[in-house]
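Enquirer: all I have is the shape, not the residue letters:
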């Protein structure tokens, strides 16, 4: 009976309502219980001493009963501890041989069997994490959770942003630094949560619910900097991945480094390779906007200049047409003038004299003196006789 | 009193103005006025860019419970 002395001594009726010894033992120095009271006392003692424990080991004899209850053993080289949990608490796939960490409460059943009632279980170590990741990825992909058709883009002119991250994390600091450097005028609400460890998924889920219930942000950024596979494994939690996919508000994930891939990344509307990349995707760049302003103003000025040149070019074409018409008119008139000039020249009295005619001026009565002008001479002559001349036929020809 | 426009609205307005210069609606007679309007808008945007800051609030809610 000496092996009961420890726990019995640790037990104090002052902090428990069960297990009060029924009677002294036959030996008189040890408490005596009914089996039910004994189990109750042991459980209360365990709860007092180890309300929650973490145990790391390898999964063995994994099975699910009635689709509701999960049983497995967690073991090392020498010892095996039975574990029990509900299927809803299973957030990542398990199978025999996986290395896991479980959080649970030790308990003695009413059949006297010891087990760990598990509240959380997560794979640890590269091999187990990879295996669990691939199994869950297949399952969720089959359900269409990663379907590109489900994905929404980043809203234009984002003014309200929700951020889920640890405010202590380097990734968060990078994110804030970059959005402040690139843009301004945004109202950013930050939900501070754990971003690694077994409690992180539930905290992040609550933050997602918070933003979805409030509905005052237009995009949610889930941010976490780089880390080991174990550190980032919380982003492969099935319930969290489903919450990301189900969010009414579009979600952008910027988790880890460029080479890291989480199931939250795949379920999110937008995947950024890092927190810094998420900040770049969410915000326009002031420098780029300034460059665009210059390009647009330059383009407008050029459009005006081109329009003016086009107009002047049009005037030039018209003036050439006018010139052609005017020149043609001038040429036409010049030809007419020349023609007239030839006619006038032909009527020049000198030309008539040249052809042998003479001009007679003076007193043309008998005895009068007249002046006769030929092409080469001027002659004074006296009129001797005047008689009427008969005009010959054809005398009017040449008029 | 006219509602104060945000920088995004101003940029969108500038984009619209810029598009007008390349559209069939372009008229040289109106271009000077439009260009002056665009220039004023560009200066306002530049000033807004220099002044604007993000407002970052860490929520008081405790998500661990």
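Expert: Structure's in. What do you need? Computed from a predicted model, the values in this text were never measured in an experiment.

Enquirer: which positions in chain A make contact with chain B?
Expert: Applying the criterion CB under 8 Å from any CB of the partner chain, the portion of chain A that neighbours chain B consists of A:156-157, A:159, A:167, A:176, A:179-180, A:183-194, A:199, A:203-204, A:206-207, A:210, A:286, A:289-290, A:293, A:296-297, A:299-301, A:303-304, A:307-308, A:311. Glycine gets a C-beta too; all of them are placed from N, C-alpha and C.

Enquirer: for residue A:294, report the pLDDT, please.
Expert: Looking at residue A:294, its pLDDT stands at 89.

Enquirer: after the helix or strand containing residue A:188, which helix or strand is next?
Expert: Using DSSP states H and E, the element containing residue A:188 is strand A:187-192. On the C-terminal side of strand A:187-192, the nearest following helix or strand under DSSP H and E is helix A:200-214.

Enquirer: now the angle from that next one to strand A:187-192?
Expert: Put simply, helix A:200-214 runs at 150 degrees to strand A:187-192, going by axes from the mean of the first three to the mean of the last three CA atoms, to 10 degrees.

Enquirer: list the buried residues for helix A:200-214?
Expert: Buried positions in helix A:200-214, judged by neighbour count with 16 or more other CB atoms under 10 Å in any protein chain shown: A:200-208, A:210-212.

Enquirer: for stretch A:73-84, same thing?
Expert: When burial is assessed from 16+ other CB under 10 Å, stretch A:73-84 yields the following buried residues: A:73-74, A:81-84.

Enquirer: just the endpoints, please. Distance across that stretch?
Expert: Chord length of stretch A:73-84, first to last residue, is 9 Å (CA to CA, to the nearest Å).

Enquirer: hey, where'd the helices end up in chain B?
Expert: Assigned helices in chain B, in chain order: B:7-22, B:28-51 (criterion: DSSP state H).

Enquirer: mind giving me the packing neighbours of the longest helix along chain A?
Expert: Taking DSSP H as the assignment, the helix of chain A that covers the most residues is helix A:286-346. Here helix A:286-346 is seen to pack against helix B:7-22, helix B:28-51 when contacts are counted using 3 or more CB pairs under 8 Å, 6 or more residues apart in numbering or on different chains; DSSP states H and E.

Enquirer: pull out the buried positions in whichever helix or strand comes after it.
Expert: Next along the chain after helix A:286-346, taking DSSP H and E as the criterion, comes helix A:349-354. Residues of helix A:349-354 classed as buried by neighbour count (16+ other CB under 10 Å): residue A:353.

Enquirer: repeat for stretch A:146-158
Expert: Taking 16+ other CB under 10 Å as the criterion, stretch A:146-158 shows A:146, A:154, A:158 as buried.

Enquirer: what about it, distance to the chain center?
Expert: Distance of stretch A:146-158 from the chain centroid (CA atoms, centre = their mean, to the nearest Å) equals 9 Å.

Enquirer: would you mind measuring the gap between the ends of that stretch?
Expert: 24 Å.

Enquirer: any residues touching that stretch, and which ones?
Expert: Residues from elsewhere that reach stretch A:146-158, judged by CB atoms under 8 Å, 6 or more residues apart in numbering or on different chains: A:140, A:144, A:186, A:218-219, A:245, A:250, A:252, A:266-270, A:281-283, B:6, B:8.

Enquirer: thank you kindly, that will do.
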